[in-house]
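Participant: sequence and predicted structure, then a few things I'm wondering about:
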Amino acid sequence: MLQHLYIQNYALIESLDIDFNEGFTVITGETGAGKSILLGALNLILGKRADIASLKDKSKKCIVEATFKIKDYGLKPLFEQNDLDYEDQTIFRREINVGGKSRAFINDTPVNLNLIKNIGDRLINIHSQDDQISLGDSAFQMAVVDSVAGAGELNLKYKKQYKLFIQLRSRLDALYEQQKQASDEKDYLQFLFDELEETQMKSGEQEQLEEEQELLNHTEEIKGTLYKANQNLNDDEEGILQNLATLKSNIEKISGYSPTLSDIASRVNSAFIELSDLSDEIEKFSDSVHHNPGRADEIQARLDTLYNLQNKHRVNSLEALFAAKNEIETKLNGIQNLDEEINSVSLSLKSSEEALKQQAEVLTKRREGVFKPIQESVEATLKSLGMPHAQIALKNQKQEIPGVNGFDHIIFQFNANKGQELQDVAKVASGGEKSRLMLAIKSLISQKNLLPTIIFDEIDAGVSGAVAEKTGQILAELSKNMQVFAITHLPQIAGLGTDHLMVYKDSTDEKTKTSLKRLNTDDRIIEIAKLLSGQEITEASVQSARHLLKN
């Protein structure tokens with residue numbers, strides 16, 4: 001419900017600050033007084049684009065602020081989802097600065113226009129004769145049917161299942177794409193893995209082979225050098241061990257004279273033992289080294305195999321080659337797991353599709369069950385609104401594959417006159433006919449649902465007399481379940497409002513401004529009398545105005 005509106009520096013409105021009541025509010029005023037300006041300001045709150053031309057005084061910013069009571073509209077999840085403070089009284093604000101840039105706020109939190117429009121559309125609807133969107137919009141038509149059918153819970157359940165179905169289908173498509181890519185490389189990966197597996201690599205193998213190869217390549221040099229070393233150690237006359245043995249014997253003779261000499265003797269003895277062991281090791285190693293061309297070729301062949309594999313896999317060590325092998329094995333396992341996942345997701349998708357179709361069939365049955373009641377109710381209302389030959393038909397162009405709305409694609413067809421062919425509403429209904437058709441539809445769905453505030457802009461255009469009175473009665477009845485505004489020129493409608501606002505224009509030599517005021521009973525009598533007789537108010541028009549208000 002719209003509770004309060006504040007407008008500053010917008011078009012011809014210098015400043016406006018007004019509260020609104022529940023029920024049926026009528027808005028009247030002379031042509032050109034600024035009723036469209038009031039709607040323009042409200043449209044700003046609903047996310048309409050703004051520019052500097054909207055500013056009355058180009059040196060000051062424009063502010064439009066509206067307060068809504070939102071408790072019963074189920075908007076809390078949407079507020080929480082967008083990190084907005086949820087309050088029973090929620091304030092929407094738009095500001096347009098002198099440069100033409102605008103900002104939007106909900107409860108003092110900056111928001112983008114899409115969000116303010118999304119929430120605003122759930123709180124207030126503006127319908128004018130130029131409005132050609134809602135009635136012809138398939139989403140609106142579906143919402144009307146679901147509203148009358150009481151299909152809200154079914155729809156939520158279906159959309160939840162549909163979301164799961166879409167997610168599973170997208171996942172399966174992605175898996176098939178992965179499988180397609182994987183199948184192209186699976187054989188090659190298997191070849192690479194088998195090649196590495198057959199090589200039977202061992203950790204540390206390359207280092208051992210390279211060391212052995214180095215020995216085999218320098219056998220003669222190694223044996224010659226070791227032979228000379230052994231000669232140096234063991235020569236009977238000049239050998240190091242012979243000389244060290246003599247030194248050892250001499251030092252031992254004097255070692256008892258001093259602890260230091262004893263230590264020296266011990267160290268000489270250790271050196272003698274170490275060099276003796278070294279001589280044995282040299283001789284043993286020399287004996288183990290043999291020239292072996294066959295073994296050298298064998299080692300070279302093995303190393304060539306390892307080197308070639310490393311080059312092939314773009315690595316520079318045996319350990320990195322092991323890592324490459326493990327990575328290939330992981331990919332192969334992944335391909336195998338991919339097949340299993342595809343099978344699992346396929347089964348889930350099939351189950352989800354079956355559940356989706358079952359729920360879609362339930363929705364279709366519920367929706368088609370209210371086609372006839374909707375047609376009968378709307379046609380009866382249109383007849384009372386001066387359209388005795390109007391016909392409306394609801395057609396369901398069912399789809400084979402369930403979509404976001406199940407199997408259903410509902411179309412409203414309409415004709416206003418006898419003998420005309422039924423066609424889509426958007427194509428054949430005039431502005432006035434659309435307004436009355438919208439009124440008939442809103443009247444029907446308001447009986448079952450809490451609707452947002454609705455503003456009808458000159459819904460009475462082209463009607464008079466009894467039809468105008470019936471239009472007013474429907475609006476008044478509608479207002480029992482929702483807040484209704486009607487901008488009207490007809491006294492029959494103006495007299496039925498529970499609240500009456502008048503738009504007027506003040507002009508001086510310097511400026512013109514648009515204002516809005518609430519009328520008391522006496523003011524209403526005068527205003528309705530003007531609607532009856534024009535600016536020259538007669539006693540008869542005053543009495544008629546009193547009669548309209550009394551009744």
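Facilitator: Perfect, thanks for sending it. Numbering: from 1, shown residues only.
Participant: quick check: can you list the domain ranges of this structure?
Facilitator: For the chain, the structural domains run 1-135+433-519, 183-333, 520-551, going by automatic domain parsing.
Participant: which of those sits most buried?
Facilitator: Among the domains of the chain, judged by mean count of other C-beta atoms under 10 Å, the one packed with the most neighbours on average is domain 1-135+433-519 (a mean of 18). Bear in mind the C-beta positions are built from the backbone N, C-alpha and C, glycine included.
Participant: next up, the contacts around Lys470.
Facilitator: For Lys470, the contact set (C-beta atoms under 8 Å, 6 or more residues apart in numbering) comprises 384-386.
Participant: with respect to Leu12, which of these is nearest?
Facilitator: For those, the residue nearest Leu12 by C-beta to C-beta is Leu385; the value is 33.1 Å.
Participant: dump the residue contacts of the closest residue to that closest one other than its chain neighbours.
Facilitator: Excluding its sequence neighbours, the residue lying closest to Leu385 (C-beta to C-beta, 6 or more residues apart in numbering) is Arg436, at 4.7 Å. Contacts here follow C-beta under 8 Å, 6+ apart; on that basis Arg436 touches 382, 385-387, 459, 463, 471.
Participant: make it 10 Å
Facilitator: Remark: with contacts taken as C-beta atoms under 10 Å, 6 or more residues apart in numbering, Arg436 is in contact with 378, 381-382, 384-387, 390, 416, 429-430, 456, 459-463, 467, 470-471, 474.
Participant: please name whichever of the domains of the chain is nearest to Pro373.
Facilitator: Minimum separation from Pro373 across those (C-beta to C-beta) falls at domain 1-135+433-519, 8.6 Å.
Participant: show the end-to-end separation of that closest one, please.
Facilitator: 21 Å (C-alpha to C-alpha, to the nearest Å).
Participant: go on, stretch 397-411?
Facilitator: Start to finish, the residues bounding stretch 397-411 are 8 Å apart (C-alpha to C-alpha).
Participant: show me the longest helix that occurs in this structure.
Facilitator: helix 318-368 (DSSP state H).
Participant: show me what that helix is packed against.
Facilitator: helix 138-149, helix 152-199, helix 205-217, helix 293-312, strand 391-396, strand 410-415 (3 or more C-beta pairs under 10 Å, 6 or more residues apart in numbering; DSSP states H and E).
Participant: one step back: element containing the residue nearest to Leu385, please.
Facilitator: Arg436 is part of helix 431-445, with elements assigned from DSSP states H and E.
Participant: just the angle between that helix and strand 391-396, please?
Facilitator: For the pair helix 431-445 and strand 391-396, the angle between their directions (axes from the mean of the first three to the mean of the last three C-alpha atoms, to 10 degrees) equals 60 degrees.
Participant: average pLDDT for helix 431-445?
Facilitator: Helix 431-445 shows a mean pLDDT of 83 in the predicted model.
Participant: convert the C-alpha atoms of the helix or strand where Leu44 lies to CSV, please.
Facilitator: Mapping Leu44 onto the secondary structure by DSSP H and E places it in helix 35-45. Included here for helix 35-45 are C-alpha records, laid out as CSV according to Å, rounded to 0.1, in the frame of the first residue of the first chain:
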residue,chain,number,x,y,z
LYS,A,35,-2.2,14.7,-13.4
SER,A,36,0.2,13.2,-15.8
ILE,A,37,3.1,14.9,-13.9
LEU,A,38,2.0,13.1,-10.8
LEU,A,39,2.1,9.8,-12.6
GLY,A,40,5.5,10.7,-14.0
ALA,A,41,6.8,11.2,-10.5
LEU,A,42,5.5,7.8,-9.4
ASN,A,43,7.0,6.2,-12.5
LEU,A,44,10.4,7.5,-11.3
ILE,A,45,9.9,5.6,-8.1
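Participant: distance from that helix to the middle of the chain?
Facilitator: 31 Å (C-alpha atoms, centre = their mean, to the nearest Å).
Participant: and Ser54, how far from Gln8?
Facilitator: 12 Å (C-beta to C-beta, to the nearest Å).
Participant: ok, Glu340 - contacts?
Facilitator: Under the criterion of C-beta under 10 Å, 6+ apart, Glu340 has no contact partners.
Participant: ok, the closest residue in space to Glu195 that isn't next to it in sequence - contacts?
Facilitator: In this structure, Glu195 finds its nearest non-sequential neighbour in Leu309, 7.4 Å apart by C-beta to C-beta, 6+ apart. Applying C-beta under 10 Å, 6+ apart to Leu309 gives the contacts 192, 195-196, 199, 201, 315, 318, 321, 324-325.
Participant: got phi/psi on Asn3?
Facilitator: Not quite, residue 3 is Gln, not Asn. phi -100, psi -30 (degrees, to the nearest 10).
Participant: what of Gln200?
Facilitator: Here the main-chain torsion angles of Gln200 (degrees, to the nearest 10) amount to phi 50, psi 50.
Participant: same deal with Leu55?
Facilitator: Per-residue torsions, Leu55: phi -80, psi 130 (degrees, to the nearest 10).
Participant: what of the one 3 residues further on?
Facilitator: With angles defined as degrees, to the nearest 10, Lys58 shows backbone torsions of phi -70, psi -10.
Participant: what of Phe24?
Facilitator: Phi and psi for Phe24, reported as degrees, to the nearest 10, are phi -110, psi 110.
Participant: partner residues bridging it?
Facilitator: Val484 (DSSP bridges).
Participant: residue nearest the centroid of the protein?
Facilitator: The C-alpha lying nearest the average C-alpha coordinate of the chain belongs to Gln81 (C-alpha atoms, centre = their mean; 11.1 Å).
Participant: distance check, it against Glu329.
Facilitator: The span separating Gln81 from Glu329 equals 45 Å under the rule C-beta to C-beta.
Participant: so which helix or strand takes in the nearest residue to Thr521 once chain neighbours are set aside?
Facilitator: Distance criterion C-beta to C-beta, 6+ apart; nearest residue to Thr521, sequence neighbours excluded, is Leu549 at 7.0 Å. Mapping Leu549 onto the secondary structure by DSSP H and E places it in helix 539-550.
Participant: output that helix as PDB - backbone C-alpha positions only.
Facilitator: What follows is the C-alpha trace of helix 539-550 in PDB, where atoms were taken according to Å, rounded to 0.1, in the frame of the first residue of the first chain:
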ATOM      1  CA  GLU A 539     -28.000  24.500  -8.300                       C
ATOM      2  CA  ALA A 540     -29.000  21.400 -10.200                       C
ATOM      3  CA  SER A 541     -25.400  20.200 -10.600                       C
ATOM      4  CA  VAL A 542     -24.800  20.800  -6.900                       C
ATOM      5  CA  GLN A 543     -27.900  18.800  -5.900                       C
ATOM      6  CA  SER A 544     -26.800  16.000  -8.300                       C
ATOM      7  CA  ALA A 545     -23.300  16.100  -6.700                       C
ATOM      8  CA  ARG A 546     -24.800  15.700  -3.300                       C
ATOM      9  CA  HIS A 547     -26.900  12.900  -4.500                       C
ATOM     10  CA  LEU A 548     -23.900  11.100  -6.000                       C
ATOM     11  CA  LEU A 549     -22.000  11.400  -2.700                       C
ATOM     12  CA  LYS A 550     -24.900  10.400  -0.600                       C
END
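Participant: other SSEs contacting that helix?
Facilitator: Counting by 3+ C-beta pairs under 10 Å, 6+ apart, helix 539-550 packs on helix 491-494, helix 521-533.
Participant: tabulate these (a markdown table), appending mean pLDDT and distance to Cys62.
Facilitator: Converted to a markdown table, the helices and strands packed on helix 539-550 look like this (pLDDT from 0 to 100; distance: least, C-beta to C-beta, whole Å):
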| stretch | mean pLDDT | distance to Cys62 |
| --- | --- | --- |
| helix 491-494 | 92 | 30 |
| helix 521-533 | 93 | 29 |
